[in-house]
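In: generate a structure from the sequence data that follows.
(one chain, ligands or ions: 1)
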Amino acid sequence: MKVLYSETHHRHAPAHELTREGYTPYFECPQRAESILRSLREAPGFQIIAPSPHPSESLLSIHDPGYLHFLEAIYPAWVKAGEPASGVVPVTFAQGGRRPADLVNQTGYYCFDTTPIVEGTYAAALEAARCALCAAELLLGGERAVYALCRPPGHHAAAALCGGYCYLNNAALAATRLGGRVALLDIDYHHGNGTQEIFYTSNQVLFLSLHADPNDAYPFFWGYADECGAGKGEGYTRNFPLPAGTGDADYLAALDQALALIRNFCPDYLVLSAGFDLLAGDPLGDFAVSLEGLQWIGEKLADLRLPTLVVQEGGYNLENLGPAALNLLSPFA
Ligand SMILES: [Zn+2]
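Out: Numbering: from 1, shown residues only. Got it, this is the predicted structure:
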């Protein structure tokens, strides 16, 4: 299986994040991608390749031009204005209000939480997006399954909002590049609110998400079962909120419901937003899905017999990320 990976993600390594405990070490760290890469290199059958350059216009297929300019230009403007070099972090949020002219003051306009932007963030996010776009092109060229080892992840990023460690929506970019009818299944522990927003009125992308009940878990404000799409997209968004402690049997039962909807949709492609924070022992999750359960998930998805693009999202237990990737991907190999 071809694996798209770029070393550029190392340039995005914020030292801290703001949590309810105050400033804590940044969970979404470069070691995450490194541990997955190490496992894939040690296993047979994976070919690691670097993404080719893509015109930045590709990002405009889903992202707002003002937002892209903000992501690219904010860090130097922030430092020049005398703000802390440790990273761009909003302290106020627009909540639907208007965009100020000054770039530094736009920070809370384009962020929905305090996910920081550091010097290398845009370069890393751009390379992650390129990994997903190149993976989509390989699928268009006839590959059966391709894995985009993206970092930073993307599923919380909306058309004009960053948050939840995400800046550019890698999976949504890939789905748009593929064209045709795409089933986009998100198995990250957290709801893929950015992806949902991007495709909420589309009937070409069926978005399905299995995740922790937002009443109890981040991102709190999206991912409820009655969010089903709007306009011509009505019925093309489906959410499966699951309780704390969800284990293999209950998870696979919910997945079977999602798979029935996918089969009914008759997609040309499957894009999988793969977050490994659904596994037992993740520091940011409270599900009890096992590594063996993740392999069963991979087998069920491979049984769809669709050209499949797997995009890396979350997962924060450095001990199990490598085995998780192997278990999920091996049924496609
Ligand atoms: Zn997550």
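In: how about residue 247: what's its closest non-neighbour residue?
Out: What sits nearest to residue 247 in space, not counting adjacent residues and going by Cβ to Cβ, 6 or more residues apart in numbering, is residue 288, at 4.2 Å. (Glycine included, C-beta is placed from N, CA and C.)
In: hmm, that neighbour is touching residue 280, no?
Out: Yes: assessed by Cβ atoms under 8 Å, residue 288 is found in contact with residue 280 at 4.5 Å.
In: what about the helices in the stretch 1-150 of the chain?
Out: Using DSSP state H, counting those that start in this stretch, the helices of the stretch 1-150 of the chain run over 30-42, 65-80, 121-140.
In: work out for me the element the residue in the chain that the ion sits nearest to sits within.
Out: Going by Cβ to the ion, the ion is nearest to residue 314 of the chain, at 2.9 Å. Using DSSP states H and E, residue 314 sits within no helix or strand.
In: contacting residues around the nearest residue to it once chain neighbours are set aside?
Out: Spatial nearest neighbour of residue 314, excluding adjacent residues (Cβ to Cβ, 6+ apart): residue 275 at 3.8 Å. Taking Cβ atoms under 8 Å, 6 or more residues apart in numbering, we find residue 275 in contact with 153, 155, 186, 187, 188, 189, 190, 313, 314, 315.
In: repeat that with 7 Å
Out: By Cβ atoms under 7 Å, 6 or more residues apart in numbering, the contact set of residue 275 is 187, 188, 189, 190, 313, 314, 315.
In: now residue 26
Out: So residue 26 contacts 14, 15, 16, 17 (Cβ under 7 Å, 6+ apart).
In: run through the stretch 151-300 of the chain and note the low-pLDDT ranges.
Out: Under the criterion pLDDT under 70, no range of the stretch 151-300 of the chain is flagged.
In: close to the ion: what parts of it are there?
Out: Residues of the stretch 151-300 of the chain lying close to the ion by Cβ under 5 Å from the ion are 188, 189, 190, 275, 277.
In: give me that answer again for 8 Å
Out: Within reach of the ion by Cβ under 8 Å from the ion, the stretch 151-300 of the chain has these residues: 153, 155, 164, 188, 189, 190, 218, 275, 277, 284, 285.
In: show me which of the residues you listed are buried.
Out: Buried subset of those (neighbour count, 16 or more other Cβ atoms under 10 Å): 153, 155, 164, 188, 189, 190, 218, 275, 277, 284, 285.
In: so can I have TSV of these showing secondary structure?
Out: Output for those, formatted as TSV (DSSP: H, G, I helix; E, B strand; the rest coil):
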residue	secondary structure
153	coil
155	coil
164	coil
188	coil
189	coil
190	coil
218	coil
275	coil
277	helix
284	coil
285	coil
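In: can you list the neighbours in contact with stretch 130-145?
Out: 1-2, 4-6, 51-52, 54, 58, 146, 148-150, 170-171, 173-174, 177-178, 269, 307-311, 332.
In: among the residues you listed, the buried ones, what's the ChimeraX command?
Out: Listed next is the ChimeraX selection for buried residues among these, using 16+ other Cβ under 10 Å:
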select :1,2,4,5,6,51,54,58,146,148,149,150,170,171,173,174,177,178,269,307,308,309,310,311,332
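In: per-residue pLDDT, the residue of the chain positioned farthest from its centre?
Out: Residue distances from the centre of the chain (Cα atoms, centre = their mean) peak at residue 82, which lies 32.0 Å from the mean C-alpha position. Looking at residue 82, its pLDDT is 97.
In: got the phi/psi numbers for it?
Out: With angles defined as degrees, to the nearest 10, residue 82 sits at phi 90, psi 10.
In: quick revisit: can you add distance to the ion and give the helices of the stretch 1-150 of the chain back as a markdown table?
Out: As requested, those are exported to a markdown table (distance: least, Cβ to the ion, whole Å):
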| stretch | distance to the ion |
| --- | --- |
| helix 30-42 | 11 |
| helix 65-80 | 21 |
| helix 121-140 | 15 |
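In: picking up where we left off before, and for the residue of the chain closest to the ion, the neighbour number?
Out: When counting by other Cβ atoms under 10 Å, one arrives at 26 neighbours for residue 314.
In: hmm, it is touching residue 188, no?
Out: Yes: contact criterion Cβ atoms under 7 Å: residue 314 and residue 188 qualify, at 5.0 Å.
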